[in-house]
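Participant: Kindly return the folded structure for what I paste below:
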Amino acid sequence: MMFNAQETGKRMKKIRVSMGYTQDQFAELLHISRDHLAKLEIGKRTPSLEILFIMVTIANTSFDYIIMGKENCYIKL
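Facilitator: Prediction:
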């Protein structure tokens, strides 16, 4: 399985929407612009490790899910 920026972006958007955030709100949490987030969500940009780390922490999910789409990789606390 190879990295796919568009699929990663779709998962990022799915996480954002499921948490009830607008792009503006989520971008602020990630310390990026709304334009940058929009480009990430459509796969025109790839997320940095810092952005991924913040997202994993906020969403209580895993890198495996966001990057590769591996289901059932949610962190259980």
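
Participant: ok now do the residue nearest the centre of the chain, which residues does it touch?
Facilitator: In the chain, the C-alpha closest to the average C-alpha coordinate belongs to Met12, at a distance of 3.1 Å (C-alpha atoms, centre = their mean). Met12 sits next to 40-41, 47, 55, 66 when contact means C-beta atoms under 8 Å, 6 or more residues apart in numbering. Bear in mind the C-beta positions are built from the backbone N, C-alpha and C, glycine included.

Participant: cool, Ile67 as well?
Facilitator: Applying C-beta under 8 Å, 6+ apart, the residues contacting Ile67 are 3, 8, 52.

Participant: out of those residues, who's nearest Gln23?
Facilitator: Closest to Gln23 out of the contacts of Ile67 is Thr8 (16.1 Å), distances taken as C-beta to C-beta.

Participant: what about that closest one, how many neighbours?
Facilitator: 21 (other C-beta atoms under 10 Å).

Participant: pLDDT at the nearest residue to it once chain neighbours are set aside, what is it?
Facilitator: Leaving aside its chain neighbours, Thr8 sits nearest to Ile67 (5.9 Å; criterion: C-beta to C-beta, 6 or more residues apart in numbering). Ile67 is assigned 92 on the pLDDT scale.

Participant: and Ile67, which of the three is it?
Facilitator: helix (DSSP: H, G, I helix; E, B strand; the rest coil).
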